[in-house]
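Peer 1: Build the 3D model from these lines:
(one chain, ligands or ions: 2)
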Amino acid sequence: MTDSSSNNVQLAKKFENGVYFTCEMCGSCCRGFKEGEVYLYQDDIEKLANHLNIKGASRLREFAKKYLKVVNDSFFWKEPGAERGKTYRFKNLGFRFTGEDEQCHFLVDNKCTVHNARPFQCRAFPIGWNMLINSVKNFRDYSKKCPALQNSLENKGKFYSREEIIKWANEEYEMERDFFLLMKKHHFNIYKVHKFLPKDLPELEK
Ligand code: SF4
Ligand code: SF4
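Peer 2: Ligands and ions are numbered 1, 2, ... in the order given. I've put the predicted structure just below:
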């Protein structure tokens, strides 16, 4: 059962009145990325580059080579007025991981070393993740790795109201939509959208 009070955000019934969540800073979600990615949007890259004092095209290229890879992404889109939409598959940018347990480069001693400039996806977890707040099953699956989500399922932690959740989840939706539309405008060529990218960046399978 879902709620459709916002056009772009659907809340599972369990989360209709809010979500409890306090991160325990265990760092577990910043490693072991075998099944996941940290997606990076324009804003994320700009903030991170500024934070790390990376300026100029050649330094941005070095940054990309060290920290980024091209990953697969998808978005469901219905043209205005169209009867049906479809899921588009395209490329996006994500963090490269490091070490055997595939951890984020910026995780040191279980702490995020770029906390103030961490990507939206990290800041918005879990209330800005539509795939979590619209599915109790997904929420439970993720809770196997995250003690704060386990607590949340028992209504423990800081309380986020329905309005706050919808605001964050809308922000996620709009950011993904805007990136999709930009990619579409550039015929899904990521090297035209991110002009600083070196052409030999590692890519996930096509
Ligand atoms: S796994 Fe959960 S508790 Fe641990 S750092 Fe990530 S969000 Fe916080
Ligand atoms: S940027 Fe920080 S919060 Fe995000 S995955 Fe890396 S270490 Fe974790």
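
Peer 1: Contacts only, for the closest residue to residue 113 other than its chain neighbours.
Peer 2: Using Cβ to Cβ, 6 or more residues apart in numbering and skipping the chain neighbours, the partner closest in space to residue 113 is residue 106 (5.0 Å). (Glycine included, C-beta is placed from N, CA and C.) Contacts for residue 106 (Cβ atoms under 8 Å, 6 or more residues apart in numbering) come out as 30, 112, 113, 114, 118.

Peer 1: Out of those, which end up buried?
Peer 2: Neighbour counting over the contacts of residue 106 (16 or more other Cβ atoms under 10 Å) leaves 30, 112, 114, 118 as the buried ones.

Peer 1: residues in the protein within reach of ligand 2, list them.
Peer 2: Taking Cβ under 6 Å from any ligand atom as the test, the list of the chain residues beside ligand 2 reads 30, 38, 104, 106, 107, 112, 114, 118, 119, 122.

Peer 1: Now the residues you listed in TSV, please, with extra columns for distance to ligand 1 and pLDDT.
Peer 2: Below are the residues of the chain next to ligand 2 laid out as TSV (distance: Cβ to the nearest ligand atom, whole Å; pLDDT from 0 to 100):
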residue	distance to ligand 1	pLDDT
30	7	93
38	12	93
104	11	94
106	13	95
107	9	94
112	8	94
114	14	96
118	11	96
119	14	97
122	9	95
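
Peer 1: Tell me which two in those are the farthest apart.
Peer 2: Put simply, by Cβ to Cβ the two of those set farthest apart are 107 and 119, 13.0 Å from each other.

Peer 1: Name the residue in those two with the higher neighbour count.
Peer 2: Using other Cβ atoms under 10 Å, the more surrounded residue of residue 107 and residue 119 is residue 119, with 21 against 18.

Peer 1: rewinding a little: now the residue nearest to residue 113: how far from residue 45?
Peer 2: As for residue 106, its distance to residue 45 is 13 Å (criterion: Cβ to Cβ, to the nearest Å).

Peer 1: next one: residue 73
Peer 2: Residue 73 sits at a distance of 15 Å from residue 45 (criterion: Cβ to Cβ).

Peer 1: Just to check, residue 76 is in contact with residue 130?
Peer 2: No: proximity of residue 76 to residue 130 does not meet the contact threshold set by Cβ atoms under 8 Å, at 11.1 Å.

Peer 1: Could you list every helix and strand that the helix or strand hosting residue 122 packs against?
Peer 2: For residue 122, the enclosing helix or strand under DSSP states H and E is helix 120-123. Counting contacts by 3 or more Cβ pairs under 8 Å, 6 or more residues apart in numbering; DSSP states H and E, helix 120-123 packs against helix 42-51, helix 162-185.
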